[in-house]
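Visitor: Quick one: sequence and predicted model below, then my questions.
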Amino acid sequence: MSYGVPVLILKEGTQRSTGRDALRANIMAARVLSEILKTSLGPRGLDKMLVDSFGDVTVTNDGVTIVKEMEVNHPAAKLLVEVAKAQDAEVGDGTTTAVVLAGALLEKAEFLLDQNIHPTVIMEGYSAALHKAVEILDNVARQVSPNDDELLKRLIKTSISSKYIGSGATLEKLTDLILEAAKAVAEPTENGGFNVRLDNVKIEKKKGESLTDSVLVKGTVLDKEVVHPGMPRRVEGAKIALLDAPLEIKKPEISAKINITSPEQMRAFLEEETKLLKEMVDKIAETGANVVICQKGIDDVAQHFLAKRGILAVRRVKRSDMEKLERATGGRIVTSIRDLKPEDLGEAALVEERKVGNDKMVFIEGVKNAKSVTILLRGANDIILDEAERSINDALHVLRNVMKD
């Protein structure tokens with residue numbers, strides 16, 4: 001056996017801390033994160049201004065948004081970030097409270113460590129306290145009726161009172177909007193509660209006017225405009241084709257060259273392209289569709305033929321919006337125009353292009369499945385709109401959790 005030969009287990013330059021020093025360093029890192037969030041808690045909580053590496057500014061007091069934007073590096077503090085993310089994923093609100101509570105528990109744990117109490121014993125005590133706290137909460141909790149609008153409004157106001165929107169006429173307006181949206185999509189369950197599917201509530205933001213001018217639309221709003229000036233801007237009794245296929249001529253998958261030696265060949269080539277696009281439009285029209293919502297592109301020639309047929313068309317619609325429309329209208333997203341059948345069409349009482357601010361948007365109202373709504377948020381700038389959206393999402397999650405039981 002040889003002695004004096006160093007054995008490297010960790011890579012060179014690695015720092016290692018153990019014992020009380022490691023415990024205190026980890027507790028301190030987590031407490032610092034907790035202290036940062038503490039000042040944003042409650043009705044007197046202040047917003048945080050976060051500037052990322054690209055110079056983009058976020059102003060918020062939403063706990064999970066703050067910790068996501070902070071780019072935390074310390075491993076112990078990262079655990080608290082995961083606490084906030086888990087709280088947001090499971091409950092949808094209370095992320096700041098979870099982090100602040102965790103910081104307070106660590107502060108008390110540090111005091112117990114100074115008295116030479118082993119961490120395992122402290123954890124057992126906290127575990128017992130958790131079970132006792134849940135037991136007490138179950139005893140003091142009261143049953144909430146999903147039909148008690150006044151109590152539900154108080155719950156919404158509790159959730160958003162610490163936010164930018166949580167005061168004055170804006171608070172009252174958005175409280176009514178949130179409650180109306182949640183009740184519109186709520187479906188009764190066997191246990192007497194309601195299942196509030198939040199993916200049936202779409203939040204669409206548009207700059208201009210103020211938050212008090214926000215409205216609830218019983219249907220879906222697309223931040224798109226009709227693709228051709230010759231198309232109708234209003235269609236009543238809409239039969240909607242939902243296409244996940246381009247109304248364009250596909251390019252060949254392999255590189256190819258075509259030698260054209262005369263104008264007649266060029267004309268024949270263009271006429272064949274036009275013929276293919278016309279056949280696509282004719283196929284859509286044969287099914288009885290008078291509205292086309294396309295996830296992909298629509299060729300200029302196809303737009304012309306659709307306009308001649310009096311069909312309203314919208315292109316480059318997001319997949320998430322397509323899925324919402326599928327649920328709302330009762331239609332089916334079709335990936336090939338050749339497979340489109342009349343039974344695949346969705347239905348809506350009205351599809352209309354309207355001007356909102358300086359832009360045009362497409363409103364789809366009176367849908368087959370009334371359990372689909374859109375909150376159209378108005379506001380002076382993107383920062384206000386983003387914070388209002390986060391606040392509304394928190395309040396909707398609160399209602400979902402309360403109405404579930």
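Guide: That came through fine.

Visitor: Quick check: which ranges of the protein have low pLDDT?
Guide: 1-8, 10, 12-18, 251-254, 256, 265, 269, 405 (pLDDT under 70).

Visitor: Secondary structure element holding A268?
Guide: Assessed by DSSP states H and E, A268 sits inside helix 263-286.

Visitor: Give the buried residues for that helix.
Guide: By neighbour count with 16 or more other CB atoms under 10 Å, helix 263-286 contains the buried residues 274, 277, 280-281, 284-285. Yep, even glycine has a C-beta here, placed from its N, CA and C like the rest.

Visitor: and if you look at stretch 23-37?
Guide: Within stretch 23-37, the residues that qualify as buried are 23, 26-27, 29-31, 33-34, 36-37, counting by 16+ other CB under 10 Å.

Visitor: for the stretch 301-405 of the chain, what spans make up the strands?
Guide: 312-314, 333-334, 346-356, 359-367, 373-379 (DSSP state E, counting those that start in this stretch).

Visitor: So which other helices or strands are in contact with the last one?
Guide: So the one you mean is strand 373-379. If you count contacts as 3 or more CB pairs under 8 Å, 6 or more residues apart in numbering; DSSP states H and E, strand 373-379 packs onto helix 168-185, strand 201-207, strand 215-217, strand 219-222, helix 382-404.

Visitor: Kindly report the same for the fourth one.
Guide: Other helices and strands packing on strand 359-367, by 3+ CB pairs under 8 Å, 6+ apart, are strand 201-207, strand 219-222, helix 319-329, strand 346-356.

Visitor: tell me which residues in the following helix or strand past the second one are buried?
Guide: So that's strand 219-222. Next helix or strand after strand 219-222 toward the C-terminus (DSSP H and E): strand 234-243. By 16+ other CB under 10 Å, the buried positions in strand 234-243 come out as 235, 238-243.

Visitor: Tabulate the buried residues of helix 263-286 in CSV, adding columns for distance to V334.
Guide: Below are these laid out as CSV (distance: CB to CB, whole Å):
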residue, distance to V334
T274, 23
L277, 17
M280, 12
V281, 15
I284, 10
A285, 15
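
Visitor: Now flag whichever of those residues is closest to L216.
Guide: I284 (31.8 Å; CB to CB).

Visitor: And that closest one, how far from R327?
Guide: 22 Å (CB to CB, to the nearest Å).

Visitor: likewise L243?
Guide: Computed as CB to CB, the L243 to R327 distance reads 17 Å.

Visitor: Which one of the helices and strands packed on strand 359-367 lies nearest to L105?
Guide: strand 201-207 (34.5 Å).

Visitor: Show me what counts as buried in stretch 96-113.
Guide: 96, 98-100, 102-103, 106, 109, 113.

Visitor: can I get those in a markdown table with secondary structure and distance to T261?
Guide: Below are the buried residues of stretch 96-113 laid out as a markdown table (DSSP: H, G, I helix; E, B strand; the rest coil; distance: CB to CB, whole Å):
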| residue | secondary structure | distance to T261 |
| --- | --- | --- |
| T96 | helix | 73 |
| A98 | helix | 74 |
| V99 | helix | 73 |
| V100 | helix | 78 |
| A102 | helix | 77 |
| G103 | helix | 79 |
| L106 | helix | 81 |
| A109 | helix | 85 |
| L113 | helix | 88 |
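
Visitor: Format those residues as JSON lines; extra columns: distance to L41.
Guide: Below are the buried residues of stretch 96-113 laid out as JSON lines (distance: CB to CB, whole Å):
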{"residue": "T96", "distance to L41": "5"}
{"residue": "A98", "distance to L41": "11"}
{"residue": "V99", "distance to L41": "9"}
{"residue": "V100", "distance to L41": "6"}
{"residue": "A102", "distance to L41": "13"}
{"residue": "G103", "distance to L41": "11"}
{"residue": "L106", "distance to L41": "17"}
{"residue": "A109", "distance to L41": "21"}
{"residue": "L113", "distance to L41": "26"}
